[in-house]
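> Below is the structure, and that's it, no one-letter string:
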C-alpha cells in the first residue's frame, strides 16, 4: 500500500530511475535534476529538503516559505512527491498554492495523485492550514480531476492557473 514518507536515502535507486523518466519527458527540472542521480549530490539535496521544512531555517531564498516535502512510495519504489508550503507568499497565492505534487511518468493514471493529495491534507491541517490552495494549469484536466476529487472548490482563476480551495479536515 503506498504511503507518504519523509525523503529516504535508501530509495536512491528508485528515485534515480524516476529522475531519468522526468528528464526524458523534459518536465520538473528543479526537482528531478540529472545530478541527483549521483549519490553525493542526492544526499546533499536530502539535507536541503529537510532544512526547507524547518520554519527557522536560514538562509532561505527571498520570498520562499517553509515547505515540507514528502515522498509517495510503495515498498522500495519511489512513485512521486508532494510539497506542502506552510504559508503563502504573494506569488504562491497567485500561482503556486499550498500543495504541489507530481507522479513519475511510469506510475501515472493509477490514482496516485488523488491518493497523495488526500494523504497530504491532514498534514497540511496539522501545519495550521484549514483550507489549502491548490493550483493547476488550465489545460491540465488530470490535475483538475485530482483536486476536485479531494473536495476542491474553484476560486477565481488567473491567466496562468486555475485555483481551488481544498478543505484539510474537520473544523
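Looks like it arrived, so ask away. Please read all numbers here as calculations on a predicted model, not as lab measurements. Numbers count the residues shown, from 1 in each chain.
> Give me the below-cutoff pLDDT ranges for this structure.
Low-confidence segments of the chain (pLDDT under 70): 28, 59, 170-171.
> The same query, at a cut-off of 80, please.
In the prediction, the chain carries residues with pLDDT under 80 at positions 27-29, 57-63, 157, 170-171.
> any chance you could map the strands in it?
Applying DSSP state E to the chain gives strands spanning 3-5, 67-74, 77-85, 99-103, 131-137, 153-154, 161-167.
> Which one, of those strands, ends up nearest to residue 16?
Residue 16 sits nearest to strand 77-85 of all the strands of the chain, at 8.8 Å, using C-beta to C-beta. C-beta here means a position set from N, CA and C on the backbone, and glycine is covered the same way.
> Direction included, what does that closest one pair against?
Counting by DSSP bridges, the strands paired with strand 77-85 are strand 67-74 (antiparallel), strand 99-103 (antiparallel).
> Buried ones in the first one, by neighbour count?
Put plainly, it is strand 67-74. For strand 67-74, burial by neighbour count (16 or more other C-beta atoms under 10 Å) applies to 67-73.
> ok, residues contacting that strand?
Contact with strand 67-74 is made by 1-8, 11, 14-15, 49, 52-53, 78-86, 103, 112, 115-116, 119-120, 123, 127, as judged by C-beta atoms under 8 Å, 6 or more residues apart in numbering.
> Please, a ChimeraX command that selects the buried ones among these?
Of the contacts of strand 67-74, the buried ones can be selected in ChimeraX as follows, counting by 16+ other C-beta under 10 Å:
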select :2,4,7,11,14,15,49,52,53,78,79,80,81,82,83,84,85,86,103,112,115,116,120,123,127
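> where do the helices sit along this protein?
12-25, 39-52, 90-91, 112-126, 141-149 (DSSP state H).
> For residue 119, which residues are in contact?
Contacts for residue 119 (C-beta under 8 Å, 6+ apart) come out as 3-4, 72, 82.
> Kindly report the same for residue 12.
39, 42.
> now do residue 125
Applying C-beta under 8 Å, 6+ apart to residue 125 gives the contacts 168-169.
> from here on, count from 29
In the new numbering, first residue 29, that becomes residue 153.
> since we're on residue 104, how many residues are nearby?
10 (other C-beta atoms under 10 Å).
> Export the buried residues of strand 95-102 to TSV and append columns for distance to residue 191.
Formatted as TSV, the buried residues of strand 95-102 follow (distance: C-beta to C-beta, whole Å):
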residue	distance to residue 191
95	19
96	21
97	22
98	23
99	26
100	23
101	29
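> Tell me the one among these nearest to residue 185.
Minimum distance to residue 185 across these is 23.6 Å, recorded for residue 95 (C-beta to C-beta).
> Since that was my last question, I'll sign off now.
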